[in-house]
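# return atomic coordinates for the entry below.
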Amino acid sequence: MLAATAISILSSGAAYAAEGGANDALLKKLEKMEQRIQQLEAELKQKQDRPTADTDAKRAAKTASLTSTSAAAPSAEAKDAPAKSDAQKSDAQSSEKSAKSKDFIPLPPLPSASDKPILGLADSPVSGLSIGAYGEMNFGTMQNPAAGGQWQKGFDAARFVLLPTYAITPNIIFNAEIEFEHAGSGFDNDDKLHGTAEIEQLWVDFKIIDQFNWRSPGIDLVPIGYINQHHEPTQFYSVLRPALYNGLIPSTWKVPATSVYGTITEDLKYQVMLSTSNEDFGDSFDNRTEAKTVPLPGTAYVAGIDGVTALAFSRPPLGDFQQLNNAMAVSGRLDFTPTFWPGFAGSVSAYFSPNTTPRGAHDDLGNFLGRSSLTMFDAEFRYRVPDTGLEFRGEYVLAGFGHPENLRANNDSDPTNNVGKSMYGYSGEIAYHVPLGTILNSEWEAVPFYRYTYQNLQTSGFAGTDANLPTGQGQRQYHTAGFAVFPSPKIVLKATYQRVIDKSATGALSDSFLGGVGFFF
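This next block holds a predicted model:
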């Protein structure tokens, strides 16, 4: 428009001069007008160039922001991210060439699914926020001891767990696990749900130095055993968790706690925890009095430690100041991954509580029970033979009681669940990893395995009002065999047969054929 105006003015001026109307003053005015037009053209060009510069600046800022977000909250599974396909590589190369030809800052490539911090599906709306998940669904048929060993089919949406993590700063990290078990929390007559919703972990980490960090008071896992702390279904090959973690180690063993942890050397890490003690009380919350004691003498209550379920029901309560004793427990763990032994990893851990007896504890005759301590020791290893598919695992667990004569199970008029001076168990497992090739654009792997487990929850040597004889049902052998198929490291399909043998009069009557689907991302 400015160019057309200039041409019109110049033409008019020339015509005017030709007709004899031109003079020096008019020529000077025309020169000034031409200079003004040139100035306006320069300003117009500057305005037209500015959006491109602004766009480039915004792209650069977005690139920096995405890079910062990725650094602040890296995906827990980023190391397992699959390689880019040929199509993705081609797209990236084309974008790069196009960017260079147009001389602007390119947008970063779209992240792969495993790099996305919200359930592996979407970018985080908040820098530092990440949400993962794990869960498992089980189905099949198993014997019911309460029905004389009758085989009964069933299905269990065993658990679905959300894993929110938020980096408040690079050195202050919030972490939680929110778990829904057995399909939910409904329990009305017309509900089809029979489960719970609970907080399994809740704490804030303060990263100080590699050698020393503090985990604030919250809900945390006792550092005993491997599966207790790494209990996602992709971490073990059977449908159900290994038998040692179904009572002898009460997985998932969550407690009110605080701890310190760090790296001693490249090969050695540690954790030391102070927590609320386990309690020898396995009854419902309704049976806790307002004084925070067990029911008054004359009213029976269920033991938390016994020779059938071990420590499964002795875990301390997590909410509303419902603890039944003042004892604090201490536990610790050393993890080692020796660099001189590739493929090998293991740990040793211990737990001690000076007293597990709840307030007001009594036998069925009304006699009050004294203190009893609990000491535990665990050692485990995992070994993947280098350059082969062969894998070995092994574990040993021991629990000892300071005064078993004061345990409720030995004073409840039920001689079948008695507890001795100690409980122990051990297991050995062999597995082999078989590559299945590329299926559905993923590298599949099958892992057949066999695990043998023995545990004795009723050793001799106790003393109480019940008969001083173990019944045998706490002395069990588990033969567990099957296979796990991994379409991806983040998902597993399982099939397991488990044979259970004990020394009770009827036998265990607890065999099972189970299938399962598990995930962790």
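# tell me how far Q211 lies from V260.
Spatial separation of Q211 from V260 under the definition CB to CB, to the nearest Å is 10 Å. Heads up, the C-betas are built off the backbone N, CA and C, glycines and all.
# between those two, tell me which one has more neighbours.
Set Q211 next to V260 and count neighbours by other CB atoms under 10 Å: V260 wins out with 16 against 12.
# any idea what Y478 is bridged to?
T453, V500 (DSSP bridges).
# so who does L163 touch?
A76, I131, G132, A133, Y134, N175, A176, E177 (CB atoms under 8 Å, 6 or more residues apart in numbering).
# mind listing the residues bridging to it?
Here L163, judged by DSSP bridges, has bridge partners G132.
# can you check Y383 too?
Applying DSSP bridges, one finds that Y383 bridges with F344, F392.
# next, the buried residues of stretch 364-379.
The neighbour-count check on stretch 364-379 (16 or more other CB atoms under 10 Å) flags D364, L369, S372, S373, L374, M376, F377, D378, A379 as buried.
# so for that stretch, mean pLDDT?
For stretch 364-379, mean pLDDT rounds to 96.
# just stretch 425-445 next, same as before
96.
# residue numbering should commence at 539 henceforth.
Fine by me, first position is 539 from now on; the one you just mentioned is stretch 963-983.
# export it as PDB, just CAs?
Extracted in PDB, the C-alpha atoms of stretch 963-983 (Å, rounded to 0.1, in the frame of the first residue of the first chain):
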ATOM      1  CA  GLY A 963      11.500 -70.600  56.900                       C
ATOM      2  CA  TYR A 964      13.700 -70.900  53.800                       C
ATOM      3  CA  SER A 965      13.200 -71.200  50.100                       C
ATOM      4  CA  GLY A 966      15.200 -71.900  46.900                       C
ATOM      5  CA  GLU A 967      14.200 -71.100  43.400                       C
ATOM      6  CA  ILE A 968      15.500 -71.800  39.900                       C
ATOM      7  CA  ALA A 969      14.300 -70.100  36.700                       C
ATOM      8  CA  TYR A 970      15.300 -69.800  33.100                       C
ATOM      9  CA  HIS A 971      14.700 -66.800  30.800                       C
ATOM     10  CA  VAL A 972      13.700 -67.900  27.300                       C
ATOM     11  CA  PRO A 973      13.500 -65.200  24.600                       C
ATOM     12  CA  LEU A 974      10.400 -65.600  22.400                       C
ATOM     13  CA  GLY A 975      11.200 -63.100  19.700                       C
ATOM     14  CA  THR A 976       9.300 -60.000  18.500                       C
ATOM     15  CA  ILE A 977       5.600 -60.300  18.900                       C
ATOM     16  CA  LEU A 978       3.200 -57.400  18.500                       C
ATOM     17  CA  ASN A 979       6.100 -55.000  18.200                       C
ATOM     18  CA  SER A 980       7.600 -56.100  21.500                       C
ATOM     19  CA  GLU A 981      10.300 -58.500  22.700                       C
ATOM     20  CA  TRP A 982       8.600 -61.300  24.600                       C
ATOM     21  CA  GLU A 983      10.200 -63.500  27.200                       C
END
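# off-centre distance for it?
Mean C-alpha position of stretch 963-983 versus that of the full chain (CA atoms, centre = their mean, to the nearest Å) differs by 21 Å.
# can you tell me what sits against that stretch?
Residues contacting stretch 963-983 (CB under 8 Å, 6+ apart): 620, 623, 775, 780-782, 786, 922, 927-935, 984-994, 1016, 1023-1026.
# got a ChimeraX select line for the buried ones in these?
Those of the contacts of stretch 963-983 that count as buried under 16+ other CB under 10 Å are selected in ChimeraX with:
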select :775,780,781,782,786,922,929,931,932,933,934,935,985,986,987,989,991,992,993,994,1016,1023,1024,1026
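# tell me which of the contacts of stretch 963-983 fall in strands.
Secondary structure from DSSP state E places 922, 928-935, 984-994, 1016, 1023-1026 of these in strands.
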